[in-house]
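K.L.:
Okay, predicted coordinates and the sequence, questions at the end:
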Amino acid sequence: QVQLVESGGGLVQAGGSLTLSCAASGSIFSINAMGWYRQAPGKQRELVAAITTGGSTMYADSVKGRFTISRGNAKNTVYLQMNSLKPEDTAVYYCNAGVTSYTPIRSYDYWGQGTQVTVSS
């Protein structure tokens, strides 16, 4: 089994910063791309940022220049540095990873449980 555990959400004022962390653990053979998604009330889940094992990144237009995604040295962690936060960034943020696992032997997209980010105006 594979688990993704997120941390770092919370309440912040507009213009403030937060850093989200996500760590993958379990029966992992390899991890491919990792990313962060978010879902606001009444809206569909959307991709915020993603990063490959080689370090290539992509961002949603709404967060470019404000958010930075990075991976830890062990490659099983991913971070999202969020600066200049806006009320419209308020959502539940989910970590996602493409993992090839030993048990069971398969490649699968895994999700974290989500962490709430609330930005007050």
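P.N.:
Yep, it's here.

K.L.:
Pairing partners for the helix or strand containing L20, with directions?
P.N.:
Assigned by DSSP states H and E, L20 falls within strand 18-26. Strand 18-26 pairs in its sheet with strand 2-7 (antiparallel), strand 77-82 (antiparallel), by DSSP bridges.

K.L.:
Show the backbone phi and psi for the closest residue to A49 other than its chain neighbours.
P.N.:
Of all residues not flanking A49 in the chain, I69 sits nearest, at 4.0 Å (Cβ to Cβ, 6 or more residues apart in numbering). Yep, even glycine has a C-beta here, placed from its N, CA and C like the rest. When read as degrees, to the nearest 10, the backbone of I69 gives phi -100, psi 140.

K.L.:
What distance do you get for I69 to G55?
P.N.:
Counting by Cβ to Cβ, to the nearest Å, the gap from I69 to G55 is 10 Å.

K.L.:
Please apply the same query to G26.
P.N.:
G26 is 24 Å from G55, by Cβ to Cβ.

K.L.:
Between these two, tell me which one has more neighbours.
P.N.:
G26 (14 against 9; other Cβ atoms under 10 Å).

K.L.:
What residues are bridge-paired with the residue nearest the centre of the chain?
P.N.:
With distances taken as Cα atoms, centre = their mean, W36 lies nearest the centre of the chain, 2.7 Å away. When bridges are called by DSSP bridges, W36 pairs up with A49, C95.
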